[in-house]
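In: fold the following and give me the result.
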Amino acid sequence: MADKPKLGYGEQLVTRLDSRGNVVYSVQKISGRTFAESDTTKGYTTDAPLMMLTLAQMDIPQTWMRTWCCLVGFQQMSGKAPRRAPLGMLKTTHRDISVASRVSRTYVGESLQFFNDIGWLRTARRSLYQLNPFLTFAGSSADQERAQEEWVAAVPEFLMPGPEYATAWRKERREEQRAVAKAANVVALGGARPEKNEMPAAAKVRHIKSA
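Out: Numbering: from 1, shown residues only. Here you go, the predicted structure:
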């Protein structure tokens, strides 16, 4: 297969199959929407086929999927009462997401951490989030371009994870949590004040003699 052509600013790569089944690449000017592709699918990001197929292929907990769907749904309501936010941003809380998705706050927090780590979501500040505008966006083409510029300034790269990625991520995170808890427990046991844990002087002497 021929090398993919290099893209300049404001250009996008489009692929198609010719009559013989060969992959043909072409370069087009971006007109507000950015084309996304992987080895298995391609499409304009406002249609989000790449995002949805990646989600379908990933082995993720149902709670993560429901949280993500809730966030995408909140994006459609961005700028409307009761919580106003700049276009392309979501102003929400763990409680809002938990109530709307019927997912406990613990799993909401885990979901947000995962999508932050792979670059599908970024936390602009407390309770203000931006969904990756290269994967999904609610607004006009011009609005999406502005959102993409803001996103790139904050998040240079993002992942399109394979089917096993989420399971490995979750396992690694739990191992880190256990290590932190173990370290905290060691500190707690070894860091008590000596005057409270020391044996009286007489008792120490008896203990030494009987050893």
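In: and residue 161, helix, strand or coil?
Out: Of the three states, residue 161 takes coil under DSSP: H, G, I helix; E, B strand; the rest coil.
In: what's the spacing between it and residue 140?
Out: Distance, residue 161 to residue 140, by Cβ to Cβ, to the nearest Å: 29 Å. Heads up, the C-betas are built off the backbone N, CA and C, glycines and all.
In: okay, those two: which has more neighbours?
Out: Using other Cβ atoms under 10 Å as the criterion, residue 161 and residue 140 rank with residue 161 on top: 19 against 11.
In: what does the pLDDT read for that one?
Out: pLDDT recorded at residue 161 is 89.
In: please apply the same query to residue 201.
Out: pLDDT recorded at residue 201 is 44.
In: pLDDT score assigned to residue 12?
Out: Residue 12 is given a pLDDT of 62.
In: quick one, what contacts the closest residue to residue 121 other than its chain neighbours?
Out: Spatial nearest neighbour of residue 121, excluding adjacent residues (Cβ to Cβ, 6 or more residues apart in numbering): residue 115 at 4.0 Å. Residues in contact with residue 115 (Cβ atoms under 8 Å, 6 or more residues apart in numbering) are 64, 68, 71, 121.
In: low-scoring stretches of the chain, by residue?
Out: 1-17, 30-47, 76-87, 187-211 (pLDDT under 70).
In: list the buried ones in the helix or strand containing residue 150?
Out: Using DSSP states H and E, residue 150 sits in helix 141-154. By 16 or more other Cβ atoms under 10 Å, the buried positions in helix 141-154 come out as 144-145, 147-148, 150-151.
In: for the residue nearest to residue 121, which three-state class applies?
Out: For residue 115, the assignment made with three-state DSSP gives helix.
In: roughly how far apart are it and residue 92?
Out: Distance from residue 115 to residue 92, counting by Cβ to Cβ: 14 Å.
In: joint contacts of those two?
Out: The contact lists of residue 115 and residue 92 share residue 71, where a contact means Cβ under 8 Å, 6+ apart.
In: show me where the protein has its strands.
Out: In the chain, the strands defined using DSSP state E lie at 11-17, 23-29, 35-37, 42-44, 89-91, 121-125, 128-131.
In: parallel or antiparallel, which strands does the fifth one pair with?
Out: Take DSSP bridges as the rule and strand 89-91 pairs in its sheet with strand 128-131 (antiparallel).
In: what does the partner strand contact?
Out: Residues from elsewhere that reach strand 128-131 (Cβ under 8 Å, 6+ apart): 71-72, 75, 85, 88-92, 112, 120-124, 137, 147, 150-151, 154.
In: wait, what's in contact with the closest residue to residue 159 other than its chain neighbours?
Out: In space, and not counting its chain neighbours, residue 159 is closest to residue 118: 4.3 Å by Cβ to Cβ, 6+ apart. By Cβ under 8 Å, 6+ apart, the contact list for residue 118 reads 158-159, 161, 165.
In: dump these into TSV; add distance to residue 29 as well.
Out: Shown next, in TSV, are the contacts of residue 118 (distance: Cβ to Cβ, whole Å):
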residue	distance to residue 29
158	23
159	27
161	30
165	33
